[in-house]
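In: generate coordinates for the sequence data below:
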Amino acid sequence: MRNGTAKILLPILFGFLAVVATASSSRQDASILVQTPPMGWNSWDSWGLTIDEQQFRDSTTWLHNHLQRFGYQYVVIDEGWFAQHPEAPTGQQDYVISPDGRTLPALNRFPSAANGKGFAPLAAWVHSMGLRFGIHIVRGIPRSAVEQNLPIARSHYRAAEAADISDKCEWNSDNYGVRDNKAGQAYYDSLADLYAQWGVDFLKVDCISRPWHAAEIHMVRRALDQSGRAIILSLSPGPTPIADADDASRSAQMWRISDDMWDVWDAGPNAPEFPSSLKGHFSMLANWETYAGPGHWPDADMLPIGTLGPHPGWGDPRVSRLTHDEVRTLITLWSIAKSPLFIGTNLLKMDAFTESALSNPEVLAVDQYSENNRPVIQKDNAIVWMAAAAEHHGEYIAIFNLSDGPQTLTYTWPDLGITYGKCPIRDLWKRDEIPINREITVTLPPHGSALYLAEHR
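Out: Here you go, the predicted model:
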């Protein structure tokens, strides 16, 4: 291994060792755990509402064996884990609700939750591998809990006192919003206490950041803080209003900057926000780059690549419609902008190309350890982002071709603001050297990209 490359890759090893050392810590500050953008896998893009315990265990085992050593730490069960019949029509899915109004894992899908254990046994198994366990919820309190006016755990309040029946999620009517009062705080405290008992490390709260539900976000934040466990808070979906960026940075470790991102290159100029396209993320990430930093990361959403099925959260089961060039562009953009990296593919049907794209340590080092990330050039359907490498080792240069045809692009050092003379250039995707020069020339395919390190010597 070359000395320069070693400087890039060693932080990944040390970061992984730190993960193993702290995975079971219950009181470590959550912001400490996300000094770099979180990396992991989420079930939504491939399993939608339907994943069961065995499928989750098999997926987690695959990630442990193949990708954990590259820094992927979190395994997240997305929406619907409390539905006994997740494929049934809305209203017939048979949610499991506790006597104190909290959703519980459906035992026909998660048998280890029997005898009141909840997700504790599954989380403990995840922790035994040095990984971290996450779940998804939709903001609010279940309507059935309100209709029965169930008591709120560890309080003298009841569900009807906490619920705002005028407030429902625009795309999911299962819950009512929660009032900004003592009963509402008691309800969120009860959720956070339960999740802490289970050993949850990552909580994705949906239908909360667009529009920005400040009161509920602050209640969730306070609830997690009082729970005694470091639980990462991820807010969804976007686009989160840029006007609320400072509050997002204070309140959460991750927040979505777009609606759901799917395997679409360009949704067109007049397309609705859903689904969000890859091309549309260039401007969104540029708008948010100043807010990315240790403890708080703008989230460009999961990576909808590889096999999306058997029950993807949108559309029919399929192999991702993104081309191989677009997949590299996706990972390059997320990395140079320091977005969290959460895989959406069905890990049990992983193909060689997707695995190789997700496990290039030199590309992942850009996401985890680069600094001063920013777009520097946007002209003629070409965009250039740059960032500083760790330990002042050089400059990362990401070049993107947004056009529908190939482009040959040349950038001199003055174009890029590089003040030193000739230097070695490393192609991080090819993991190969380019002859020493004072410029970069590259021919990119449609929607293609390249990622380089101009090294200091």
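
In: any regions of the stretch 351-457 of the chain where pLDDT drops low?
Out: Low-confidence segments of the stretch 351-457 of the chain, defined by pLDDT under 70: 457.

In: what are the boundaries of the helices in it?
Out: Counting by DSSP state H, counting those that start in this stretch, one finds helices in the stretch 351-457 of the chain at the ranges 352-358, 361-369, 413-416.

In: contacts for the longest one next, please.
Out: I take that to be helix 361-369. Applying Cβ atoms under 8 Å, 6 or more residues apart in numbering, the set of residues contacting helix 361-369 from outside is 5, 8-9, 11-12, 15, 36-37, 39, 70-71, 331-332, 334-336, 338-339, 341, 387, 389-390, 396, 398, 426, 428-429, 431, 451, 453. (Each C-beta comes from the backbone N, C-alpha and C, glycine too.)

In: mind checking which of the helices of the stretch 351-457 of the chain is nearest A192?
Out: Taking Cβ to Cβ, helix 361-369 is the member of the helices of the stretch 351-457 of the chain nearest to A192, at 28.3 Å.

In: next one: that closest one to chain centre, how far?
Out: Shown here is helix 361-369, whose average C-alpha point lies 16 Å from the average C-alpha point of the whole chain (Cα atoms, centre = their mean, to the nearest Å).

In: next, the buried residues of that helix.
Out: Applying a neighbour-count criterion of 16 or more other Cβ atoms under 10 Å, one finds P361, E362, V363, L364, A365, V366, D367, Q368, Y369 buried in helix 361-369.

In: ok, which of the helices of the stretch 351-457 of the chain comes nearest K182?
Out: Taking those one by one with Cβ to Cβ, helix 361-369 is closest: 41.2 Å.

In: helix or strand right after the lowest-mean-pLDDT helix or strand in the chain?
Out: Of the helices and strands making up the chain, the lowest-confidence element is helix 3-22, at a mean of 46, by mean pLDDT, DSSP states H and E. The C-terminal neighbour of helix 3-22 among helices and strands, as given by DSSP states H and E, is helix 30-33.

In: mean confidence for that following helix?
Out: Summarised as a single mean, pLDDT over helix 30-33 is 82.

In: now do stretch 331-341: distance to the chain's middle.
Out: 11 Å.

In: what sits up against that stretch?
Out: Counting by Cβ under 8 Å, 6+ apart, residues outside stretch 331-341 touching it are 37-40, 72, 254, 278, 281-282, 285, 288-289, 292, 297-300, 303, 357-358, 363-364, 366-367, 370, 373, 385-387, 396, 398, 400, 429, 449-451.

In: ok, now which ones touch E395?
Out: If a contact means Cβ under 8 Å, 6+ apart, then E395 has M386, A387, A388, A389, L416, I418, L453, A454 as its contacts.

In: try 7 Å
Out: Neighbouring residues of E395 by Cβ atoms under 7 Å, 6 or more residues apart in numbering: M386, A388, A389, I418, A454.

In: measure it to N360 for me?
Out: Counting by Cβ to Cβ, to the nearest Å, the separation of E395 from N360 is 19 Å.

In: just N372 next, same as before
Out: 22 Å.

In: which of those two has more residues huddled nearby?
Out: Here N372 and N360 are set side by side on neighbour count (other Cβ atoms under 10 Å), and the busier one is N360, at 19 against 10.

In: what comes up buried for stretch 177-189?
Out: G177, V178, R179, A183, G184, Q185, A186, Y187, Y188, D189.

In: and those, which of them are in helices?
Out: A183, G184, Q185, A186, Y187, Y188, D189 (DSSP state H).

In: surely D94 meets H85?
Out: Yes. Using Cβ atoms under 7 Å, D94 is in contact with H85, at 5.3 Å.

In: what residues are up against the nearest residue to G405 once chain neighbours are set aside?
Out: Among residues not flanking G405 along the chain, P446 sits closest, at 5.7 Å (Cβ to Cβ, 6 or more residues apart in numbering). When the contact criterion is Cβ under 7 Å, 6+ apart, the partners of P446 are N401, S403, D404, G405, P406.

In: so what touches the one helix or strand D45 maps to?
Out: Following DSSP H and E, one finds D45 within helix 44-47. Judged by Cβ under 7 Å, 6+ apart, the contacts made with helix 44-47 from elsewhere in the structure are 55, 78-79, 302, 304, 307-309, 311-313, 344-346.

In: what's the separation between the residue nearest to A286 when sequence neighbours are not counted and W385?
Out: Taking Cβ to Cβ, 6+ apart, and ignoring the residues beside it in sequence, A286 has P375 as its nearest neighbour in space, at 4.9 Å. With distances defined as Cβ to Cβ, the gap from P375 to W385 amounts to 5 Å.

In: the two: who's more crowded?
Out: For P375 against W385, the residue with the higher neighbour count under other Cβ under 10 Å is W385, and the figures read 28 against 18.

In: does Q185 really touch R221, like I thought?
Out: No. Between Q185 and R221 no contact is recorded; they are 10.9 Å apart, counting by Cβ under 7 Å.

In: for the protein, what are the low-confidence residue spans?
Out: Counting by pLDDT under 70, the chain has low-confidence residues at 1-28, 457.

In: now do 50
Out: Residue ranges of the chain with pLDDT under 50: 1-4, 6-8, 10-27.

In: among the contacts of stretch 331-341, which lie within strands?
Out: When those are checked against strands using DSSP state E, the ones located there are 39-40, 254, 297-299, 373, 385-387, 396, 398, 400, 449-451.

In: need the max-distance pair from these.
Out: Every pair in the ones in strands among the contacts of stretch 331-341 was compared (Cβ to Cβ); the two farthest apart turn out to be M254 and A450, at 27.8 Å.

In: out of the two, which sits in the more crowded spot?
Out: Taking neighbours as other Cβ under 10 Å, M254 and A450 compare with M254 leading, 24 against 21.

In: so that one touches G295, yeah?
Out: No. In this structure M254 lies outside contact range of G295 using Cβ under 7 Å: 10.3 Å.

In: which residues touch V200?
Out: Residues counted as contacts of V200 (Cβ under 7 Å, 6+ apart) are F119, A123, F133, G134, I135, I231.

In: ranges for the strands of the stretch 51-200 of the chain?
Out: For the stretch 51-200 of the chain, the strands defined by DSSP state E, counting those that start in this stretch cover 74-77, 132-138, 141-142, 163-168, 175-178.

In: note down every partner strand of the fourth one and its orientation.
Out: Using DSSP bridges, the neighbouring strands of strand 163-168 in the sheet come out as strand 175-178 (antiparallel).

In: list the contacts of the strand it pairs with.
Out: By Cβ under 7 Å, 6+ apart, the surrounding residues in contact with strand 175-178 are 138-143, 146, 162-165, 167-169, 184, 187-188, 216, 219.
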